[in-house]
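Peer 1: The amino acid sequence is not available; the structure is as follows:
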C-alpha cells in the first residue's frame, strides 16, 4: 500500500515541506531515497526498536521510502516519527485517513519517547502557510510552535500517542499560547540594571546615546574599570522588541537549537558574547550542517566582543560587510543561505598590552610603539564602522562606597524610546533606515547639517585634535542622536561638542 505524509526541512531560517511517500509491497528489503544524510538513514534502527518496545512489529516486507523534493538534502533525526508512522500506515497497521491533514515531525528514542527538535517555529509557520490543519511534534517544542495562530499544535511524548490519535482512540488537546500576553509580560525582565553601577556617568551617557541612535561602541579602559559590566547592561535600555522582531529573532534561535525548554517567543533583545578564540564559521554561520553564527544569534540585539584586539584579524574583518548590510550570505559548493544580522556592536579593549596606558594611578610599562602596534590590530575599515569610542577610567573609592543607587535602566530606557520614536517619524519614507546610525550622506545633509557656529566648532576640533577625516560623518550622526534625546530639531554646538568627545582613537596623538 502506498501512503503519503508530510515532514519539513529547515533551510536557513525558513522551512520547506517534505513529502514522505511510503510503499509497502512483497519482499524483504528497506530502501530510503530522496537525498537523506547519515542521521536520516540511521532512523531504521531507532524505528525498529521504538515499534518493538511499544508492541508493534516492523513489517517483514519490502519498504520503499521516498522523500521529496529529492534535490533538498534531508538532515537530522527529526524525520524518525513521520517515517515510523508512514511505515505503519503503509502496512495498514494504523489508519491513513487523516495523514494529509497534519505535518508530523519528531526524533524517536529507542523506547518510543520523543526528543526535541530544532526549528519548530519555522516548521509551524510553513505548516500554516501550506494550509495544514495541524502539526504533531514533541511536547518540548509545543509552546514554541503554538506561537503560530490558526494552526492546531499537538505536543506528544510517545509514538503511541500519535498512533492512537490517528486511529481515533485518543483525543489530543492542542497547545494554546496567548502570544501577546506572554510577549509583553517578559519584555521588561533583565538580569542587570544601570542602577547597580556606581559612578561612570560619562560612560552611561555614551551608552544612552548609542542605544538611542543604534550606534556601535568601543569601550577603552584598564582591567577592572567596568567595561564588561557596562556592556552587559546595554540591553536593559534598548527599545523593546516589536512582535515582528521577536518572531524573527525566535526563528533564528529555534533553528540553532538555542531556545530554552518550554519557551515560546523571545521577549528581550539577545546579548551574545563569544570568546576571542571563536572561528570565522562560528562567527558568521555555515559549516557542514549549516547553522546561524553569533552575528545572526545577536540579530535585533547586541554582539559584545570583549578584548577586541585578541580576536583573530580574519574574524574581525568578516564583520565589516554584515555591519553595513545587516545580512550575511553563506555561499558554499553545495548550498547558499542568507541569515539576518542586524546587530549593535559593542566592543571593549585595554588601551595597551599591559593595560594601564593613561591610568590615573598606575604606570604603563609599554613604549609608544607597543601601544600603537596594539591599537593597529584593529583595522581602519572596522574602526570606521564604530561611531562612539569612549575611554573608561577606574572609579575612585569615594564613588564605589556610595550607598545611593544610580539612575535605573527603566528611566534611561524611556528617554531612548522617545528618541527612537522621533527617528521612526523622520525615516518613515526611507526603506531600510530605522535609526540615525544608518543615515546615508544624503540623509546627513538633510537632517544633520549644523549651523555656522557648529561648523566652526567642528572645523576647529578637527584641526586642533587632529581628528581623522572618517570622524566627520560619525560626529554628525552622533550629534543628531544627542539632539533627538533633547527633543531638538537643530544640531547645536553643545551637541557637536559632546559627539566630538566620543572619538578618542581618532586623535592622532592619543597613543603618544
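Peer 2: Nice, thanks for sending it over. Please read all numbers here as calculations on a predicted model, not as lab measurements.

Peer 1: From the contact counts, what lies against the longest helix seen in the chain?
Peer 2: Longest helix in the chain, counting residues (DSSP state H): helix 409-426. Helix 409-426 is packed against helix 201-213, helix 471-485, with contacts defined by 3 or more Cβ pairs under 8 Å, 6 or more residues apart in numbering; DSSP states H and E. All C-beta atoms are positioned from the backbone trio N, CA, C, and that covers glycine.

Peer 1: So what angle separates the directions of that helix and helix 471-485?
Peer 2: Helix 409-426 runs at 110 degrees relative to helix 471-485, counting by axes from the mean of the first three to the mean of the last three Cα atoms, to 10 degrees.

Peer 1: what's in contact with helix 409-426?
Peer 2: For helix 409-426, contacts defined as Cβ atoms under 8 Å, 6 or more residues apart in numbering pick out 188, 190, 192-195, 204, 208, 211-213, 233, 236-240, 434-436, 447, 481, 484-485, 487.

Peer 1: from the helices and strands packed on helix 409-426, which stretch is densest packed?
Peer 2: helix 471-485 (a mean of 24; mean count of other Cβ atoms under 10 Å).

Peer 1: Kindly provide the whole-number mean pLDDT of it.
Peer 2: Average pLDDT, helix 471-485: 92.

Peer 1: Following that helix in sequence, what is the next regular element?
Peer 2: Sequence order places helix 493-500 as the next helix or strand after helix 471-485, per DSSP states H and E.

Peer 1: Can you name every helix or strand that that following helix contacts?
Peer 2: Short answer (3+ Cβ pairs under 8 Å, 6+ apart): helix 493-500 packs on helix 452-464, helix 471-485.

Peer 1: Show me the one of the ones you listed that comes nearest residue 386.
Peer 2: Across the helices and strands packed on helix 493-500, the minimum distance to residue 386, taken as Cβ to Cβ, is reached by helix 471-485, at 8.1 Å.

Peer 1: for that closest one, packing partners?
Peer 2: Counting contacts by 3+ Cβ pairs under 8 Å, 6+ apart, helix 471-485 packs against helix 201-213, helix 409-426, helix 441-447, helix 452-464, helix 493-500.

Peer 1: buried sites along the third one?
Peer 2: Spelled out, that is helix 441-447. 443-444, 447 (16 or more other Cβ atoms under 10 Å).

Peer 1: Can you give the domain ranges for this protein?
Peer 2: Listed by automatic domain parsing, the domain ranges of the chain are 2-177, 185-506.

Peer 1: For residue 6, name its beta-bridge partners.
Peer 2: Bridge pairing for residue 6 (DSSP bridges) gives the partners residue 19, residue 103.

Peer 1: same check, this time on residue 392
Peer 2: Here residue 392, judged by DSSP bridges, has bridge partners residue 221.

Peer 1: Do I have it right that it meets residue 218?
Peer 2: No. Shown here, residue 392 and residue 218 do not form a contact pair, counting by Cβ atoms under 8 Å, at 10.6 Å.

Peer 1: pLDDT score for residue 94?
Peer 2: For residue 94, the pLDDT comes out at 93.

Peer 1: List the contacts of it.
Peer 2: By Cβ under 8 Å, 6+ apart, the residues touching residue 94 are 85, 88, 163, 166-167.
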